[in-house]
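Q: fold the following and give me the result.
(2 chains)
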Amino acid sequence: MVQAQAAGPGPAAVDSILDVDAVTLQYKTREHLITATYRVSFQVFPSDRFVLLGPSGCGKSTLLKGVAGYLKPAEGEMRLKGQAITKPGPDRVMVFQEFDQLLPWKTVKQNITFALLNGGRCQTKAQAEAIALEYIHKVKLDRFVDTYPHMLSGGMKQRVAIARGMAMEPDILLMDEPFAALDALTRRQMQEELLQLWEDTHFTVLFVTHSIEEALIIGSRVLVLSPHPGQVKAELNAHHLEHTNVGDETFAALQKRIHDMLFADRILEEEAAPHV
Amino acid sequence: MSENSVQLQIRPEYEAQGLGAADHGEIAHSLSLFERIRNINAVRKFSILLGLIVLWELYVRIGGISEYLLPPFSTTGRALVMAFWDENLLAMIGSSITILLFGYVIGILIATALTTLAVTSRFGSDLLGTLTAMLNPLPAIALLPMALLWFGLGPDAIVFTLLHSVVWPVALNTHTGFLGVSDTQRMVGRNYGLRGLTYVAKILIPAAFPSILTGLRIGWAYAWRTLIAAELVFGGSIIDTEGTSSGGLGWFIFSNQMDLRIPYVFAGLFTVIVVGVLVENVVFRKIEQRTVARWGMQTQ
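A: So this is what the prediction gives:
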C-alpha cells in the first residue's frame, strides 16, 4: 500500500501519476474562443486526494475534462504515468455531477459490468459480475443490484457511479462535483463514505468542487484556481482536516485564507464602490 | 419597525412522546371492486367502443338508412364472418402483412444506414437533413404510378412505395433522438473507449430509443395506410408467384365495392382498423413496456 504523499516540498519518494504542465485550455462557443485555463501546472501523486478548487469560471471542470481526454490543450501537455493524454480511456474514469451518467437501460449491476467488459478490465461476464457485486457491496447498495437507475434516489445514483468508477480500478478517478446536486444531509454522508472508501484502498482521485469546506474535508492537497481565465493561485495541504475539524480554529483559518485569496479582488471592488 | 408588523410569537417547545400506532387507522385502504374495475384502461376503452357500436346500429335502424349506403353493425359483423369463412379474408390479410413486413424491415435497415452516416459525418448529416426535408412531405402513394412503370405490375412497386413511407419518418426520429442524447452519456461511453459502430450500437441507440420507437410507430402507421391505398388501386393487377391474384385487403375492399356488396366493404374497413389497433396496442405497447417504460425513459 502506498502512503499518502508527505506534506511540504522536497524530493518525492514516489513518481507522480499525473503531470499537468503549463496547460492552456480553450473551447469555442458560437461567437467566442474562450480561454478556460491559462498555463496551469500541477502534479498528482499516487493516493492523493487532489482537489481543484475555485469559483465558477475558473476552468476547473474544463481542466478535468482535459485530463479525461475529452479536450486537447492549446498549449502545454498532460501526462498520465509519463504518457501524453490524447483521448478518453478507461485508465481515467470520470464520475459526473449529472445523475444521468448511469445508463438508464441497464440495472445497477449491469451498469458496472458494462463498464468492466467494454473498458477491457474483464474478459468474462462471470468475472465482471463478481467484481460488480463486490463494489456494490462497498457502497452499501446490495438490495438494489437489479434495480434500474430511475428507481434510485440522487445519492444512490452517485454511489453507483462511484462504485462503477472504483470497480474499473483506474490509475486516477476523476470526480466532477459529484455531490453538488445532492441535498446537504446526503452530501455530508457521501463525503464521509468517500473518505472511508479511500481509507480502504488509497485510490488516487482528482476532485473538482467550488465549496471551500468540501475541498478541505475531501482533499489531501488543494489547488486553488482564480477565475477568467483559470490560473493557479496556490497549492495547499489539507490532509490533516476532516469533518470533525469543521469549526476548529485551524480549519476556519485555512478556510478564511482561501476565501480571501479567491475574493480579494472582489472585496477591493466593493470597497471602491461608494456606499449608499 | 413599521406599525403594521406583528411581534414574533415565541411559544414553548415540545417533543412527541411515543407515537401511537393504533390511532391513525389503516394506512393503506384497498379500493372498492367498482373503483378497481374502473381503473382498468381496457375496460374503459371497451365501453366507449361498445357505445359507438350501439349508436351505429340504432342510427341505421331507426333512421331507415339504405343498406347500400351504411349497413348496420349486425350485417357488417355477419359479412365479416362470411368473409373469413368463404372469401379467404385471412389469406388477404396475410398477403398484405407479408408485403408490409418486407417493406418495413428493409426500410428500417436503410434508415439505420442513413442515420449512422449522419451521426458519423457532417456530410451524412447534411444529406439526411436535405433528403428528409424534401421527401418526407411527399405522400408515398403519389410515387406509385411511377413505381409501376419502373418496377412493373408486381409487389416490387408496392414495396418501393412502402420504403418511401417508412424510411423518412424512422430516419428523422432516430436522428433527432441521437442528437438529443445527453453529453454526459456520450462522455460515459467514450470513457470506456467505445467508438464508431460499437458506440452507436451500445450508447446512442439505447439512449435514443424513446424517439426511435416513436419513429417506428409512425413509420408503421404510414406504411399500413400506403399499402391499403396502393392495393385499393392496383391490388388486382398484382400477380404473385403462383399466378393468382391475392390482392390484399385493399383490393378486397375495392372489388366488393365494384360488386355493390357494401357490408363486405365495411367488413374490409373494419379489418384494416382492427389490424392497425392490434399492432399499436399489442406489439408496440409490449415493446414499450419492456424497454422505455421499464427504463423510466418515457417522454410523457
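Q: only C-alpha atoms for contact and neighbour calcs from this point on.
A: OK.
Q: which residues does the residue of chain B found nearest chain A contact?
A: Evaluated by C-alpha to the nearest C-alpha, chain B has residue B:192 as its residue closest to chain A, separated by 4.5 Å. Shown in contact with residue B:192 (C-alpha atoms under 8 Å, 6 or more residues apart in numbering or on different chains): A:88, A:89, A:90, A:93, A:115, A:118, A:119.
Q: one more time with 7 Å, if that's ok
A: Residue B:192 is in contact with A:89, A:90, A:115, A:118, A:119, counting by C-alpha atoms under 7 Å, 6 or more residues apart in numbering or on different chains.
Q: tally of neighbours for the fourth one?
A: The tally of other residues near residue A:118 (other C-alpha atoms under 10 Å in any protein chain shown) stands at 18.
Q: could I get the contacting residues of it?
A: When contacts are counted by C-alpha under 7 Å, 6+ apart, residue A:118 is found next to residue B:192.
Q: before we move on, what about the third one?
A: By C-alpha under 7 Å, 6+ apart, the contact set of residue A:115 is residue B:192.
Q: what do you get for the first one?
A: In this structure, residue A:89 makes contact with B:191, B:192, B:193, judged by C-alpha under 7 Å, 6+ apart.
Q: that one: what secondary structure?
A: Residue A:89 falls in the coil class when you classify it by DSSP: H, G, I helix; E, B strand; the rest coil.
Q: quick check: closest non-adjacent residue to residue B:257.
A: If you skip the residues right next to it in sequence, residue B:257 has residue B:265 as its closest partner in space, 6.0 Å away by C-alpha to C-alpha, 6 or more residues apart in numbering or on different chains.
Q: doesn't that neighbour fall inside a helix?
A: Yes - under the criterion used here (three-state DSSP), residue B:265 sits inside a helix.
Q: that one contacts residue B:256, doesn't it?
A: Yes - because the distance of 5.8 Å satisfies C-alpha atoms under 7 Å, residue B:265 is recorded as touching residue B:256.
Q: with adjacent residues omitted, what lies nearest to residue B:280?
A: Nearest one to residue B:280, counting by C-alpha to C-alpha, 6+ apart, is residue B:217 at 7.5 Å.
Q: neighbours of the one you found, just the number please.
A: Counted with other C-alpha under 10 Å, the neighbours of residue B:217 add up to 18.
Q: among the contacts of residue A:89, which one lies nearest to residue B:146?
A: Set against residue B:146, the nearest of the contacts of residue A:89 by C-alpha to C-alpha is residue B:193 (47.7 Å).
Q: next one: the closest one from residue A:90, what distance?
A: Using C-alpha to C-alpha, to the nearest Å, residue B:193 is found at 7 Å from residue A:90.
Q: next, show the common contact partners of those two.
A: Going by C-alpha under 7 Å, 6+ apart, residues that sit against residue B:193 and also against residue A:90 are residue A:119.
Q: quick one, which of the two is more surrounded?
A: residue A:90 (26 against 19).
Q: quick check, pLDDT for that one.
A: The predicted structure scores residue A:90 at 89 on the pLDDT scale.
Q: so it makes contact with residue B:191?
A: Yes - with contacts counted by C-alpha under 7 Å, residue A:90 reaches residue B:191, the gap being 5.8 Å.
Q: now for the helix or strand hosting residue A:223, which elements pack on it?
A: When elements are assigned from DSSP states H and E, residue A:223 belongs to strand A:221-226. If contacts are counted by 3 or more C-alpha pairs under 7 Å, 6 or more residues apart in numbering or on different chains; DSSP states H and E, strand A:221-226 sits against strand A:49-53, strand A:231-237.
Q: change it to 8 Å
A: On a contact count with 3 or more C-alpha pairs under 8 Å, 6 or more residues apart in numbering or on different chains; DSSP states H and E, strand A:221-226 meets strand A:49-53, strand A:231-237, helix A:249-272.
Q: what's the closest of the ones you listed to chain B?
A: Nearest of those to chain B, taken as C-alpha to the nearest C-alpha: strand A:49-53 at 20.1 Å.
Q: before we move on, the earlier item: quick check: closest non-adjacent residue to the residue of chain B closest to chain A.
A: For residue B:192, the spatially nearest residue (C-alpha to C-alpha, 6+ apart) is residue A:119, at 4.5 Å.
Q: any idea how far the one you found is from residue A:111?
A: 12 Å.
Q: ok, now residue A:150?
A: If you measure residue A:150 against residue A:111 using C-alpha to C-alpha, the figure is 13 Å.
Q: tell me which of those two has more neighbours.
A: When residue A:150 and residue A:111 are compared on other C-alpha under 10 Å, the one with more neighbours turns out to be residue A:111, at 23 against 19.
Q: counting neighbours, what do you get for residue A:240?
A: Residue crowding around residue A:240 was assessed by other C-alpha under 10 Å; the count is 14.
Q: residues near residue 81, how many?
A: In the absence of a named chain, chain A is used. The burial count for residue A:81: 13, using other C-alpha under 10 Å.
Q: if you could check chain B rather than the one you did, that'd help
A: Counted with other C-alpha under 10 Å, the burial measure for residue B:81 works out to 15 neighbours.
Q: helices or strands up against the helix or strand hosting it?
A: Secondary structure assignment for residue B:81, by DSSP H and E: helix B:73-86. Using 3+ C-alpha pairs under 8 Å, 6+ apart, the elements in contact with helix B:73-86 are helix B:41-63, helix B:262-278.
Q: in chain A, what residue lies closest to chain B?
A: For chain A, C-alpha to the nearest C-alpha, closest residue to chain B: residue A:119, 4.5 Å.
Q: that residue: what's it in contact with?
A: Shown in contact with residue A:119 (C-alpha under 8 Å, 6+ apart): A:89, A:90, A:168, B:192, B:193.
Q: hang on, the residue nearest to residue B:280 in a helix?
A: Yes - Residue B:217: assigned to a helix according to three-state DSSP.
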